[in-house]
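[1] return a 3D structure for these sequence lines:
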Amino acid sequence: MLNKVKANHTALPPPMRHLLHRERPIGWLEGHTLGFFGFADTRDAANAAWVAYRTVSRKVARLLGTRPTPIDIEPLGIERRNGRDVIEASGRPFAQLVRPGPDSMSGPDWFGFMIEVPPLVSQRALPEIMRAASHALLKSGLAWSMVRSHSRQLASVRRHAGPMASRAADRPTAQRRPRTATEPQPASV
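    Below is the predicted model of the structure:
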């Protein structure tokens, strides 16, 4: 007879989970706290925290069936409170700055931020909220050094890789025609 033992983990906090982008960790989820890292300085981290917070706020309101708080463009600042660096908009704290360091959640080289999600939100909804925040950050075009630097390297490689770098380079020169001013220009990478 095969006996199965099922551990009771109700007294333990949920384990930390990492969010990956192109097989690299860019964020974490631990309990009701989500965080992102990979920013070059405090300004980039604060701007990214504001974008993520707006997305998290809208998602939480939708999940709880409440009215979303109106969010406008706000002056951002960083203030030291109770031994923590708090990111605030118009004097209201909404995220915590994570500075780089050997024991830091963001690692030794990168700045990051953490946002507390209200405990009313179920654990099952948190990964969806985190994915929505990361999607907003990736689509925003904000300076995200760890993520964007890889894209810049790929663009540089494509430019200098020779004729196999793009489809346009595969066509003979005679088939290419100059674009007129009314035709859309291809997006540069």
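[2] list the buried ones in stretch 97-114?
    Applying a neighbour-count criterion of 16 or more other C-beta atoms under 10 Å, one finds Leu97, Val98, Met105, Ser106, Gly107, Trp110, Phe111, Gly112, Phe113, Met114 buried in stretch 97-114. Heads up, the C-betas are built off the backbone N, CA and C, glycines and all.
[3] er, stretch 123-138 I mean
    Here stretch 123-138 shows Leu126, Ile129, Met130, Ala132, Ala133, Ser134, Ala136, Leu137 as buried, counting by 16+ other C-beta under 10 Å.
[4] tell me what Phe111 is bridged to.
    Taking DSSP bridges as the rule, Phe111 bridges to Phe39.
[5] er, Arg17 actually
    Leu29.
[6] so which of the buried residues of stretch 123-138 is the closest to Arg58?
    When these are compared for distance to Arg58 (C-beta to C-beta), Ala132 wins out at 8.4 Å.
[7] distance check, Gly65 against Gln123.
    18 Å (C-beta to C-beta, to the nearest Å).
[8] Gly27 and Glu79, how far apart?
    Remark: distance between Gly27 and Glu79 (C-beta to C-beta) = 23 Å.
[9] let me redo that: Leu126
    Taken as C-beta to C-beta, the span from Leu126 to Glu79 is 27 Å.
[10] next one: Gly112
    Applying C-beta to C-beta to Gly112 and Glu79 gives a distance of 17 Å.
[11] those strands in this protein, which residues are they?
    17-21, 24-30, 33-39, 76-81, 84-89, 92-98, 111-116 (DSSP state E).
[12] relative to strand 33-39, how tilted is the shortest one?
    Pointing back at strand 17-21 there. Here strand 17-21 runs at an angle of 40 degrees relative to strand 33-39 (axes from the mean of the first three to the mean of the last three C-alpha atoms, to 10 degrees).
[13] show me what strand 17-21 is packed up against.
    On a contact count with 3 or more C-beta pairs under 8 Å, 6 or more residues apart in numbering; DSSP states H and E, strand 17-21 meets strand 24-30, helix 126-140.
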